[in-house]
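# could you look at this predicted model? Sequence included:
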Amino acid sequence: MDNNSNDMNRLLQELANQKNKDRKYLLKIEIAKATDRSVKLALQEILDDIEKKEKTSRIIGIIALVVIIGAVLFVLGTRESNSKNTDKSPITSSSSSEVVYSSQSDSTEIKESGKKEVSLTNHQVEEWVSAVWDKRHQNYPDLKDKRLNIRTDDTDKLVYIDVLPPRDKEVDKYSVFRINAKGELEESGYFNPNGGINNWVVVSREFMDTSEVDVKPKITVDQSSSKQSITSDEAIKWVQDYLRSQATEPLDFEEVTFDTQQSSEGLTEIIMYTWNPAHTAKTFVAVYRVNADGKLEEGSIYGHDDWHVVSDEFIK
């Protein structure tokens, strides 16, 4: 019995110096070697106690891991929520102004430093664009018949206004305006002859101010000792009629757009573009003009002063 006691003390001393994994291994060996039943039971109790503690530690570890994962997910969710809220928050510019468009309130807010906050409704934005557009085209009543579409760009968060023709017109759009980060009204250089095709031209610096807007003069041409007035829509229709007369099958102008401008000689020029499939870019394909004799001419797309008459008379 003393020998068993000594063996047990030796074993306990060895177990104290071992890790749990090694303790369990050593205990299993000693249980298998023990011949005394009481020793076996004592060793088995020690083994059970170690395994119970390990199981408890695993459970605590799993609970701790779940808590940590939950905390990480909460932090990530909070950051994502803050990011979304930041995207929806007002646009802050380094300039002295800030422009905000909220589709929920249908209003545009212009906050100017040193001045009281100005809030524009959709209707007021339309009034602003119409004031600029109508002054410029006061000699062209047909262009005052238009539709306006207000939208917010997902990239720059600025307010854009598409000037569209009546639904029965075969023209994609008349022009595009936007309110820039300074609260100024700009027009796309794609449609404004004073700007580059990828640039924007400021046309009004304050709400309803049209002092910088030039009136487009009425174009008149001589024909048979009399004067004939040709509006922009009529000039475009003349070109379309000419193209239809030359086509061997019906033409569809949905993928084509026409712009008009005044040349340095005071003549009406009609520029023809084709759209890409996504309707995001257009290509210059032809140019026409109504000459001083009231006849339709076709020119070179390469800028050469090479014009030839293609139609002698516009039939209204």
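That came in fine, so what should we check first?
# what is the mean pLDDT for stretch 275-283?
The average pLDDT within stretch 275-283 is 81.
# who touches it?
Contact partners of stretch 275-283, identified using Cβ atoms under 8 Å, 6 or more residues apart in numbering, comprise 172, 255-257, 273-274. Yep, even glycine has a C-beta here, placed from its N, CA and C like the rest.
# that stretch: end-to-end distance?
Terminal residues of stretch 275-283 are spaced 7 Å apart (Cα to Cα, to the nearest Å).
# how far does it sit from the chain's center?
With Cα atoms, centre = their mean, to the nearest Å as the basis, stretch 275-283 stands 17 Å off its chain's centre.
# buried residues in it?
Buried residues in stretch 275-283, defined by neighbour count with 16 or more other Cβ atoms under 10 Å: Lys282.
# thought Asp153 was touching Tyr160?
Yes. Counting by Cβ atoms under 8 Å, Asp153 touches Tyr160, with 5.8 Å between them.
# now for these two: what residues contact both?
Taking Cβ under 8 Å, 6+ apart as the criterion, Asp153 and Tyr160 both touch Arg178.
# so for these two, which sits in the more crowded spot?
Tyr160 (17 against 11; other Cβ atoms under 10 Å).
# output the below-cut-off pLDDT ranges for the stretch 201-316 of the chain.
219-228, 264, 302-305, 316 (pLDDT under 70).
# swap in 90 and give it another go.
By pLDDT under 90, the weakly predicted segments of the stretch 201-316 of the chain are 216-233, 241-257, 259, 261-269, 273-286, 292-294, 299-307, 311-316.
# what ranges does it have for its helices?
Ranges of helices within the stretch 201-316 of the chain are 232-246, based on DSSP state H, counting those that start in this stretch.
# do a quick rundown of the strands in the stretch 1-150 of the chain.
Assigned by DSSP state E, counting those that start in this stretch, the strands in the stretch 1-150 of the chain fall at 97-102, 107-112, 118-121, 147-152.
# weakest of those strands in terms of mean pLDDT?
Among the strands of the stretch 1-150 of the chain, strand 97-102 carries the lowest mean pLDDT, a mean of 38.
# mind listing which of the contacts of stretch 275-283 are in strands?
Counting by DSSP state E, the part of the contacts of stretch 275-283 found in strands is 256-257, 273-274.
# spatially, which two of the contacts of stretch 275-283 are the most separated?
Asp172 and Thr274 (10.7 Å; Cβ to Cβ).
# can you list residues touching both of these two?
By Cβ under 8 Å, 6+ apart, the residues touching both Asp172 and Thr274 are Thr257.
# which one's more surrounded, these two?
Neighbours per residue (other Cβ under 10 Å) separate Asp172 from Thr274, with Asp172 holding more: 19 against 13.
# so what's the more buried one closest to, chain neighbours aside?
Among residues not flanking Asp172 along the chain, Thr257 sits closest, at 4.2 Å (Cβ to Cβ, 6 or more residues apart in numbering).
# again with Val201
In space, Val201 is closest to Gly195, 3.9 Å off (Cβ to Cβ, 6+ apart).
# quick check: the one you found is in a strand.
No. According to DSSP: H, G, I helix; E, B strand; the rest coil, Gly195 belongs to no strand; its state is coil.
# share the number of residues neighbouring it, please.
Neighbour tally, Gly195, other Cβ under 10 Å: 17.
# now it: phi and psi?
Dihedral pair for Gly195: phi -130, psi 160, per degrees, to the nearest 10.
# mind checking how far it is from Ser130?
According to Cβ to Cβ, to the nearest Å, Gly195 stands 21 Å off from Ser130.
# thought Thr268 was touching Thr260?
Yes. The criterion here is Cβ under 8 Å, and Thr268 meets it with Thr260 at 6.0 Å.
# so which strand or helix has the spatially closest residue to Ser188 that is not a sequence neighbour?
Residue nearest to Ser188 in three dimensions, not counting chain neighbours: Val176, with 4.4 Å by Cβ to Cβ, 6+ apart. Element membership for Val176 (DSSP states H and E) is strand 175-179.
# which residues are contacting that strand?
By Cβ under 8 Å, 6+ apart, the surrounding residues in contact with strand 175-179 are 99, 101, 108, 110, 125, 129, 132-133, 153, 158-163, 185-188, 190-192, 200, 203.
# from those, which would you call buried?
99, 101, 108, 110, 125, 129, 132-133, 158-163, 185-188, 190-192, 200, 203.
# hmm, back to that, mind listing what the residue nearest to Asp172 touches?
Thr257 neighbours (Cβ under 8 Å, 6+ apart): 171-173, 272-275, 282.
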